[in-house]
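K.L.:
Next input, structure requested:
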Amino acid sequence: MEFARQGPDAPAAADRRHRPYPAPPAFEAQGSGGGAHSFGKGRGGGSPAGPATPPVTFELRGRSGVFGGVTDFVYLPRDGRAEIEAAEGGRFALAGARCEARLPARYGPAADVPVELRGAGQCSRQVHNFGAAGVFPADRLIAVEVLTPGGNWSSYPPHKHDTHLPGEESRLEEIYYFEIAPHGNTPGVGYQRVTPSPAGKTDILAEVRSGDAVLIPDGWHGPSIAAPGHDMYYLNVMAGPPGEPREWLIRDHPEHAWIRGSWDGQEVDPRLPFHRAEDEAR
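P.N.:
As a prediction, this is how the structure comes out:
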């Protein structure tokens, strides 16, 4: 598997073998006393698959939380073994996909992550393209973060990527992992919709809260709805089958694609971007 791992309260990326579809992201929580966590099978002393790879150490700066700006991350290769250590504790997202190629371990600085403000008006959202196709090399894995201000709709218009049509649409399974900001002592809530497409029968209307994940093997997905007063974060993890290009090509739902034209002349939600001033200096 290939993995992307983000620092304290950040995501990560990795590739796996065989069926190359995404694995649910896992947030590893450590207490205030810190700790360590190991995973992967590794090739420490050499094996028939090839010579041993010398260990590499990366230091992650992380962030205060998923709404605290862009984070740095680490890419872990297939057949690798990793150990995460956090002296003061932290939360780490591990996002992976089965893969064929074994690429080198790499560090991704926060300053190099492209940040996109997508949509306009009540469809405004912020995208952190840390593991996007065409941005960060991987075999199968594609991963991005999306932040949506409370009261807005994102992942809209509904779109799909479940059929391989060269130059028009990619075939990608996808996972949405959610974190919803509370309002005072009131936990946050949001909603996710998926409707069936010709490629499958996935039909979902789910209330989502922090820690929930929605699996999307096929179908028109969207909107992702942030309740007023509760900003929404989700980590998108995608992967497609071998033999097809690693690219994100989507098709909008024909009944809702018109909404894009309505954004012309509208301003992006003034609550965006979510960045803190210190993020810009990274």
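
K.L.:
okay, CA-based contacts and neighbour counts for the rest of this
P.N.:
Noted.

K.L.:
What distance do you get for the closest residue to residue 187 other than its chain neighbours to residue 136?
P.N.:
Leaving aside its sequence neighbours, residue 187 sits nearest to residue 181 (CA to CA, 6 or more residues apart in numbering; 7.2 Å). Using CA to CA, to the nearest Å, we find residue 181 at a distance of 28 Å from residue 136.

K.L.:
ok, these two, which is more surrounded?
P.N.:
Shown here are residue 181 and residue 136; by other CA atoms under 10 Å, residue 181 has more neighbours (24 against 16).

K.L.:
surely that one meets residue 228?
P.N.:
No - taking contacts as CA atoms under 8 Å, residue 181 lies outside contact range of residue 228: 10.6 Å.

K.L.:
Point out where the stretch 51-200 of the chain drops to low pLDDT.
P.N.:
Residues of the stretch 51-200 of the chain that meet the criterion pLDDT under 70 lie in 51-53.

K.L.:
Which residue ranges of it form strands?
P.N.:
When assigned using DSSP state E, counting those that start in this stretch, the strands of the stretch 51-200 of the chain occupy the ranges 73-76, 81-86, 91-98, 106-108, 115-118, 125-131, 142-148, 153-154, 159-160, 162-165, 169-171, 173-180, 190-195.

K.L.:
Now mean neighbour count and distance to residue 247 too, for those strands, in a markdown table please.
P.N.:
As requested, the strands of the stretch 51-200 of the chain are exported to a markdown table (neighbours: other CA atoms under 10 Å; distance: least, CA to CA, whole Å):
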| stretch | mean neighbour count | distance to residue 247 |
| --- | --- | --- |
| strand 73-76 | 28 | 18 |
| strand 81-86 | 15 | 27 |
| strand 91-98 | 27 | 14 |
| strand 106-108 | 18 | 20 |
| strand 115-118 | 15 | 17 |
| strand 125-131 | 24 | 11 |
| strand 142-148 | 26 | 8 |
| strand 153-154 | 24 | 21 |
| strand 159-160 | 25 | 13 |
| strand 162-165 | 18 | 11 |
| strand 169-171 | 22 | 7 |
| strand 173-180 | 23 | 12 |
| strand 190-195 | 21 | 21 |
